[in-house]
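J.: Could you work out the structure for the sequence below:
(chains A and B)
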Amino acid sequence: MGISWLSPWFLLGAAAVAVPIVLHLLARHTAPQIEFPATRFVPEAPVELRRKRRPVDWLLLALRCLALVLLALAFARPFLAGPAATAGATARLVAIDTSFSMAGAETWAAAQAAAAAAIDGAPSGSPVAVAGFDERARIVSPLSVDRGAARAAVAALRPGSGATSYGAIAAPVAELPRGQPVEVVLVSDLQRTGLRAAIALPGSATLTVRAVTPPKLNLAVESLAREDRDLVAVVANHGLQARATVVRLAIDGRDVAQRPLTLEEGASLPVRFEGAAADRGIAAVRIDDGGGLAADDERYLVLDEPRPTLVWIAGDAGDAFYVDRALVSAQRRPRVTTRTMTPGELAAPIDGITPPDVLVLQSTRGLGDAARRTLRGLVERGAGLLIAAGPDVDAGVLSQIPGEGDGIAIAQADSVPRPAALVPIDVRHQAFAAYADRASAYAGIRFEGLVRLRPAAGDRILARFDNGLPALVERSVGRGRLLVIASDLGARWNQWPLSPTFVPWLHDVVGYLAARPADEMSWLVGAVPDGVAPAPGAHVLADGRRGVVNVDPRESAIDLATTAEVEAAVEVAPAAAAPAAVRAAAEEASQSWWRYLVAAMLAVVLVESAVGARP
Amino acid sequence: MTTAAPGAGSFLDPAALARLGSLELKARVVVEGYLQGLHRSPFRGLSVDFAEYRPYLPGDDPRAIDWKLFGRSDRMYVKRFEQETNLPCHLLLDVSASMDYGSAGITKLHYATCLCAALAWLLHAQRDAVGLMAFDADVVEHVAPSARTGHLRTLLGALERLRPGSRSSLQRPLERLAAAIRRRGLVVVASDLIDDPAVVVEGLRHLRFRGMEVVVFHVMDPAERSFPFDRPVRFRDLETGEEVLTSPRAVREAYLRKFEAASATYEHELRRHGVDYCRMDTSTPLEFALLRYFSARRRMLV
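T.: Alright, predicted model coming up:
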């Protein structure tokens, strides 16, 4: 416990007290000039004008110095740190669930009433704070004894589009002064899905739950997806009785189809719109849900063609042929565009051109230092690299590709003449997704030539040859990924490019290395990227592409937890839950000594003015 | 006419008077404030009393001809009124630079201007002819005496246009006034008398010799009388620009002695020659000046 300072460097400003002292000492006494009509009667008299050696008006000097010191202290924001600062006053944090399941008129009115009662019911002199939460919590009225401000904050609060997560209330509690006894009053409809994370509260906090009743009826559009040329929406009835509704599909705001639907209690059914998947646009499915929650009655999907995956293929023209044809011929989303080049071309500057998502390296001929630096830079910035260690790949050069001298050389090639077959080790890996349930499809491919890979620690072997040697090795480099296959992809050491497994495998590998999700332009409200507003609907990104934001379908379920279950989710959090600076700011804000210091400074200035005006 | 002096407490503070609007309003406030304190109204008998007809003579003002009587009798007569027997009054106002000083919320010039305006308003109400001569080193404004309707507005307008001038010298204005005087009358001087006392006294004595009743209002500021300065000051003369660096504490007594001696000289010499001398501090209500005026007027009418 003791005096602490939020901005201690402002205390240096107290050195400004030297200014009036120096001015007092340096100031020369100068006789003021007065215009006077009877000057003819005024006799001259000697006047001593000399430098002052001591301050003349000690009171005035002291007042001015005091005003400066008080100002410096106010700017330094003092506060009493430690538990004693708020000892004896248990704070109350009223946390109101603002998820969209609270949006029913009666539910929200009951929640506001419960919150207001919790504010008014706080013991006299106890500070009260108000926070709203869904996946995240935010304080809308900081810790203060001003009940009016807290009630006003509750009245201004509105439910949003997020989903409940009771664990979120740990954040505002952690911002309270360390050791501050606090009673958290949780006002919520007690959605069970909000219990997916523990409520980590400090030992000095207690939790009291005030439950409000959610609507008893609710229909929700739980998903909307493209299946070839069809659009399929899944509609669920979370209410306690059978419901009939109409499911409407709109593309770019224009209604294109509708389907009647009847759902039994607790049932969910898919609704298919055949041939409705346009090449581009924003699809929106809406249902009629009188009496239910409005936020989950609509769901959006981007139909726009995703940005194609750009693949650079570096190797001899003959080797690159099979890879290039395999990538560009398949009708998959996103499309793949390729650029074939010699390894030496990688040395050319790539500034100003679109960097590749994936590089396929089939030869190291002409791969100089500059090209290797380019290769390394691209991978570290997030590109994927597939190396086919065939006959044109030099073992020495290969060992330097990820980086010279940094000890991360991953492979050394030795000629192994014996034929072998490929056996996936991890069939769940995305590289083998196409034949995940028939891994034996790779067994028919005979690898006449291959190299011996020697993975380093941390590398991951995804497939081996039936002779036990590693066939496919994965490593992370910077933000990118690196895959090395211990044979070629140009039909010189094997006939794999002629196998039916080759094209799907290559597309899966490219998709995996490009690290792009299948539907990268759709987000939930609680997980939007920077630059996208957390509100349901269609959004245009800075680069002109369109994306959609949907509500979390888990919030639609009327599956309520009990008060005891929510209270049981409380875990005692580590003591230092919030950063020291945040705690200090909260403690200082709750005490606000600076206001008194500024008031005292103003009072001193007024007295100084009165003293200075003396005749 | 009774001129019982009202109590000073009922008069308007000059500083408050200075904040009033037009000069005419100020004059009216002063005069009516003064008159409310009298037991008898001086306006009694001051109406334009018709006296007699007399035949028109060359030189008479044609506007005084009674044209209705001319229509009936075919002879021209002029009307004579009672007030024409009254005496003209000349207001001499000092507008020199030294008058532009005020430490009590009103400058000496403003105070003297209000004084002249109040006198003019009162004189005009009594149908006395009143004129104005403003001066510093020379005459800067001259309004000939008249009792005609509208003359008061002319005179007040002239007073309002006055601005502080340069050095003061009463010699030349007094000479011009003496040369212009045709009839016995009253001369009222409002000045701070920062001038050569001998010249001033001689000029006023000459007016007395011409049969004029002279009232001198010696206008001074409270600071001139008390010298309230404390710390070392460099005084700069408003008229000459002369600077005097001094310690007021050390020279206060000497200053007050010299200032009082100069005032006493004026008082003694002027009264010796029959001039009514009156010190007017700018904190003194202007009604006192009216009191002095009535005293002088009464002497004239005796």
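
J.: how about the residues of the stretch 51-200 of chain B near chain A?
T.: Along the stretch 51-200 of chain B, the residues adjacent to chain A under the rule Cβ under 8 Å from any Cβ of the partner chain are B:97, B:98, B:99, B:101, B:108, B:192, B:194. Bear in mind the C-beta positions are built from the backbone N, C-alpha and C, glycine included.

J.: what about 10 Å?
T.: Remark: the part of the stretch 51-200 of chain B in contact with chain A comprises B:96-103, B:107-108, B:168, B:192, B:194, using Cβ under 10 Å from any Cβ of the partner chain.

J.: Including secondary structure and pLDDT, could those residues go into CSV?
T.: Converted to CSV, those look like this (DSSP: H, G, I helix; E, B strand; the rest coil; pLDDT from 0 to 100):
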residue, secondary structure, pLDDT
B:96, coil, 92
B:97, helix, 92
B:98, helix, 92
B:99, helix, 92
B:100, coil, 92
B:101, coil, 92
B:102, coil, 91
B:103, coil, 87
B:107, coil, 92
B:108, helix, 93
B:168, coil, 81
B:192, coil, 92
B:194, coil, 89
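
J.: Any idea which helix or strand in chain A has the lowest mean pLDDT?
T.: Comparing helices and strands within chain A by mean pLDDT, DSSP states H and E singles out helix A:580-591 as the least confident, with a mean of 68.

J.: Chain B: helices as residue ranges?
T.: Per DSSP state H, chain B carries helices over the ranges B:14-18, B:23-36, B:67-73, B:108-125, B:151-161, B:171-180, B:197-209, B:222-226, B:248-272, B:287-301.

J.: Can you report how many residues neighbour residue B:97?
T.: Counted with other Cβ atoms under 10 Å in any protein chain shown, residues neighbouring residue B:97 total 21.

J.: Report the contact partners of it.
T.: Under the criterion of Cβ atoms under 10 Å, 6 or more residues apart in numbering or on different chains, the contact partners of residue B:97 comprise A:35, A:37, B:109, B:136, B:164-168, B:194, B:237-241.

J.: hmm, try it at 8 Å
T.: Residue B:97 makes contact with A:37, B:136, B:164, B:165, B:166, B:167, B:168, B:238, B:239 under the criterion Cβ atoms under 8 Å, 6 or more residues apart in numbering or on different chains.

J.: what does residue A:249 give?
T.: Going by Cβ under 8 Å, 6+ apart, the list of residues near residue A:249 reads A:231, A:233, A:255, A:256, A:257, A:258, A:273, A:276, A:283, A:284, A:285.

J.: where does the stretch 351-500 of chain A dip in pLDDT?
T.: Along the stretch 351-500 of chain A, the parts satisfying pLDDT under 70 run over A:400-418.

J.: hmm, back to that, looking at the residues of the stretch 51-200 of chain B next to chain A, which has the most residues close by?
T.: In terms of neighbour count, residue B:98 stands highest of these at 32 neighbours, by other Cβ under 10 Å.

J.: Now it. Nearest residue, chain neighbours left out?
T.: Sequence neighbours aside, residue A:37 is the residue nearest to residue B:98 in space, at 3.7 Å (criterion: Cβ to Cβ, 6 or more residues apart in numbering or on different chains).

J.: same thing with residue A:38?
T.: Excluding the flanking residues, the one nearest residue A:38 by Cβ to Cβ, 6+ apart is residue B:224, at 4.8 Å.

J.: same question, residue A:393
T.: Using Cβ to Cβ, 6+ apart and skipping the chain neighbours, the partner closest in space to residue A:393 is residue A:364 (5.1 Å).

J.: So for the longest helix along chain A, what gets flagged as buried?
T.: Secondary structure of chain A read by DSSP H shows that its longest helix is helix A:593-612. Neighbour-count burial for helix A:593-612 flags A:593, A:594, A:597, A:600, A:601, A:604, A:605, A:608 (criterion: 16 or more other Cβ atoms under 10 Å in any protein chain shown).

J.: tell me what that helix is packed against?
T.: Judged by 3 or more Cβ pairs under 8 Å, 6 or more residues apart in numbering or on different chains; DSSP states H and E, the packing partners of helix A:593-612 are helix A:58-75, strand A:78-81.
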